[in-house]
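Trainee: here are the coordinates; sequence isn't available:
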């Protein structure tokens with residue numbers, strides 16, 4: 001499954017990125033099994049995916065479909081049992097844990113439902129944290145620039161506890177963008193927000209793709225959130241079962257309903273066969 005994009009894409013001059021030009025995320029035959037024998041759970045059952053740079057992709061699926069496992073394997077947070085993962089053209093599957101940690105700090109951005117800001121640090125310090133962890137000199141001008149992009153240019157000295165939930169998620173987005181990452185992975189980024197604030201946050205992710213050339217991969221259960229993406233990929237039983245390009249929230253919800261019903265029928269048939 002290869003996504004197309006008509007936008008101008010960022011180029012990457014690093015030698016390791018030249019063998020897969022234009023791709024931000026590439027998974028080949030990725031499987032993830034937990035446990036052994038009859039009790040083994042196959043969370044991912046052979047995922048193939050290629051996402052170009054400068055695109056916004058949403059991943060949806062019924063409960064237990066493998067969404068979280070997909071995100072963890074794609075982002076180098078978990079190791080697949082089989083297959084290959086490339087980020088920004090770099091093969092990460094066989095990397096040591098130290099190398100993976102270095103890559104995540106310098107070339108990936110993360111946005112989570114729970115914000116994950118450090119309450120004892122200022123907004124500016126939270127944004128600069130990825131640079132510090134990566135051993136780079138904190139660039140306050142860069143922090144000011146990304147905070148301005150998310151509409152918080154006047155909040156640099158505040159603490160997270162002084163901000164609303166929507167503002168805290170804006171800080172998290174600024175933190176994710178500060179290193180100029182190959183990919184931003186977002187895990188239910190609007191799950192803790194009201195509808196209006198969620199739309200503002202999703203608009204920022206959309207802006208990061210359209211204006212800054214970022215690549216965003218977002219796991220969500222919300223059709224309204226997924227409608228901001230260029231393409232929605234639907235997972236079922238650990239594999240991609242459907243996709244929809246530039247769908248409305250209503251179209252996405254209808255696909256999810258169909259997929260959930262189909263998955264339930266398949267599970268019922270399997271249970272009946274076992275009995």
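Mentor: It's in. Just so you know, these numbers come straight off a predicted model, no measurement behind them.

Trainee: what kind of secondary structure is the residue lying closest to residue 243 once chain neighbours are set aside in?
Mentor: The shortest distance from residue 243 to any non-neighbouring residue, by CB to CB, 6 or more residues apart in numbering, is to residue 233 (5.1 Å). Glycine gets a C-beta too; all of them are placed from N, C-alpha and C. Secondary structure, DSSP: H, G, I helix; E, B strand; the rest coil: residue 233 is strand.

Trainee: quick one, what contacts residue 233?
Mentor: 1, 49, 57-60, 240, 242-243 (CB atoms under 8 Å, 6 or more residues apart in numbering).

Trainee: Ok, residue 77 next?
Mentor: 71, 104.

Trainee: so it sits in a helix?
Mentor: No. Assessed with three-state DSSP, residue 77 is coil; it does not lie in a helix.

Trainee: Mind jotting down where the strands sit in the stretch 151-275 of the chain?
Mentor: Secondary structure of the stretch 151-275 of the chain, counting by DSSP state E, counting those that start in this stretch: strands at 183-187, 216-219, 231-236, 239-245.

Trainee: Let me have the ones you listed in a markdown table, adding distance to residue 170 and mean pLDDT as columns.
Mentor: Listed next are those as a markdown table, based on distance: least, CB to CB, whole Å; pLDDT from 0 to 100:
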| stretch | distance to residue 170 | mean pLDDT |
| --- | --- | --- |
| strand 183-187 | 13 | 96 |
| strand 216-219 | 15 | 97 |
| strand 231-236 | 24 | 96 |
| strand 239-245 | 28 | 95 |
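
Trainee: Save those as CSV, and put in distance to residue 195 too.
Mentor: Listed next are the strands of the stretch 151-275 of the chain as CSV, based on distance: least, CB to CB, whole Å:
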stretch, distance to residue 195
strand 183-187, 17
strand 216-219, 17
strand 231-236, 19
strand 239-245, 22
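
Trainee: just so I know, which of these lies nearest residue 165?
Mentor: For residue 165, the closest of the strands of the stretch 151-275 of the chain is strand 183-187, at 15.5 Å, according to CB to CB.

Trainee: So in that sheet, which strands flank the closest one, and in what orientation?
Mentor: The strands beside strand 183-187 in its sheet (DSSP bridges) come out as strand 108-112 (parallel), strand 216-219 (parallel).

Trainee: Could you say which of these is packed most deeply?
Mentor: Among those, strand 216-219 has the highest mean neighbour count (mean count of other CB atoms under 10 Å), at a mean of 26.

Trainee: Need the residues that contact that one.
Mentor: Here strand 216-219 makes contact (CB under 8 Å, 6+ apart) with 25, 51, 55-60, 67-68, 70-71, 74, 183-189, 205, 208-209, 225-226, 229.

Trainee: Look up which residues are beta-bridged to the residue nearest to residue 243.
Mentor: Here residue 233 sits in beta bridges with residue 59, residue 243, going by DSSP bridges.
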